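Trainee: What follows is a predicted structure for the sequence shown.
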Amino acid sequence: MGTTLNPHSEAGEGAKHGSNGSNGSGGSPASIQDLLTEKANDATRGLDTRSALEIARIINQEDHKVAAAVRKAIPEIALVIDMVAHSLREGGRLIYIGAGSSGRLAALDACEIPAYFSTSPQTVQYIMAGGPKALASPVEVNEDSEELGKRDIARRRPSRKDVVIGLSASGRTPYVVSAVAYARTLGARTACITCNPSTPLGDAVETAIIAEVGPEVVSGSTRLKAATAQKMITNMITTGAMTRLGYVYENLMVNVHMHNSKLIERGIGILMRACGVERDKAVEVIKSAGRSVPVALVMLKAGVDKPEAVRRLARAEGNVRRAIEDSVMEI
């Protein structure tokens, strides 16, 4: 496949829309140079003449702007958290899709969820333009292909149960836009994480999350502020959804699997903190619970034996608080 110069493709790897995906700013930028993430940053002019200390301070100052940009997108982020929680509760999946830095961030979030929340690897998935090899070696030409984007998402057979989230700092990556657009035609819920307003990706989804971080420290290098914003937002979406599902109790990661010494100690500490028991008691109950922190927690908090704790957790679909209270709560 030859490389073509496409004015709508990414240079490095946003859209200001409401939850219905409508365009509120009067059309997409005419060229990639018009994107906020591609513009020159007046605050970093002469960067190449600065000392290491000055460079670090400048980057840090620019990074301070990221949290403020993400804060403005919290209403849309909250919508997507509930969208994902509902989907996973109904047996659906969260499928991220991205290219370049955005795809690598999607992969990072998807890969970490099983370890932290004991979910199946199928629950949160990622699709990377160029495949897994692109995580380490750039194959950026793939991001220009609408056909490959549609093909790759079609292989996952997205349905009405699933949520598909496209990540693209520019909001213009053809691979990502075509993938989420196709998933939406199949009935999947769709969202995106971008750093520019009024983009094709924002138009293609139900809910667009836009973190307008502005020009990068190095113009167009969206592995910097844009990537930081995307990482913050993916953290919020999956942590929020898992919390809504009850895989967090208070602020404790109670669904942790104790596969090594560090995780065993973490599980014991969680039980001690949540139930106010001594270490010996925590160890005893965790052992009797089959090394399951959620089962042990329900046993101690509800004063029940292991079979009853297991029954309650099954009835509560893994929601620890609901299992302790033996109640039903709709999301």
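Mentor: Cool, got the structure.

Trainee: I figured Ala99 hits Gly130, correct?
Mentor: Yes - at 7.5 Å, Ala99 counts as touching Gly130 under the criterion of CB atoms under 8 Å. For every residue, glycine as well, the C-beta is placed using N, CA and C.

Trainee: Looking at the two, which is more packed in?
Mentor: Neighbour tally, Ala99 and Gly130, criterion other CB atoms under 10 Å: the higher count belongs to Ala99, 34 against 21.

Trainee: What about Val164? Give its phi and psi, please.
Mentor: phi -110, psi 120 (degrees, to the nearest 10).

Trainee: cool, and Lys161?
Mentor: With angles defined as degrees, to the nearest 10, Lys161 sits at phi -80, psi -20.

Trainee: That one: what's it in contact with?
Mentor: Neighbour list for Lys161: 87, 90-93 [criterion: CB atoms under 8 Å, 6 or more residues apart in numbering].

Trainee: Try it again at 10 Å.
Mentor: For Lys161, the contacting residues are 86-88, 90-93, 187-189, by CB atoms under 10 Å, 6 or more residues apart in numbering.

Trainee: right, and Lys306 touches Arg291 too?
Mentor: No - the criterion here is CB atoms under 10 Å, and Lys306 misses it with Arg291 at 11.6 Å.

Trainee: What's the mean pLDDT across stretch 107-121?
Mentor: What stretch 107-121 shows for mean pLDDT is 93.

Trainee: Next: stretch 196-205.
Mentor: For stretch 196-205, the mean per-residue pLDDT is 95.

Trainee: Then stretch 273-288?
Mentor: Stretch 273-288 shows a mean pLDDT of 94.

Trainee: Would you pull up how far that stretch lies from the middle of the chain?
Mentor: The chain centre lies 33 Å from the centre of stretch 273-288; the measure is CA atoms, centre = their mean, to the nearest Å.

Trainee: distance from the centroid: which residue in the protein tops it?
Mentor: Taking CA atoms, centre = their mean, the residue of the chain most remote from its mean C-alpha position is Asp280, at 37.5 Å.

Trainee: Show me where this structure has its strands.
Mentor: Ranges of strands in the chain, per DSSP state E, are 94-98, 124-128, 163-167, 189-194, 207-210.

Trainee: elements contacting the last one?
Mentor: Put plainly, it is strand 207-210. Judged by 3 or more CB pairs under 10 Å, 6 or more residues apart in numbering; DSSP states H and E, the packing partners of strand 207-210 are helix 52-72, helix 74-89, strand 163-167, strand 189-194, helix 200-204, helix 225-244.

Trainee: okay if I get those as TSV plus distance to Cys111 and mean neighbour count?
Mentor: Putting the helices and strands packed on strand 207-210 into TSV (distance: least, CB to CB, whole Å; neighbours: other CB atoms under 10 Å) gives the following:
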stretch	distance to Cys111	mean neighbour count
helix 52-72	22	14
helix 74-89	17	19
strand 163-167	15	30
strand 189-194	17	30
helix 200-204	23	26
helix 225-244	11	23
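
Trainee: Which one, of the ones you listed, ends up nearest to Val285?
Mentor: Nearest of the helices and strands packed on strand 207-210 to Val285, taken as CB to CB: helix 225-244 at 23.6 Å.

Trainee: And the closest residue to Arg266 other than its chain neighbours, how far from Val283?
Mentor: Nearest residue to Arg266, sequence neighbours excluded (CB to CB, 6 or more residues apart in numbering): Val256, at 5.8 Å. Look at Val256 and Val283: by CB to CB, to the nearest Å, they are 15 Å apart.

Trainee: Could I get the average pLDDT for stretch 64-74?
Mentor: Mean per-residue pLDDT for stretch 64-74: 97.
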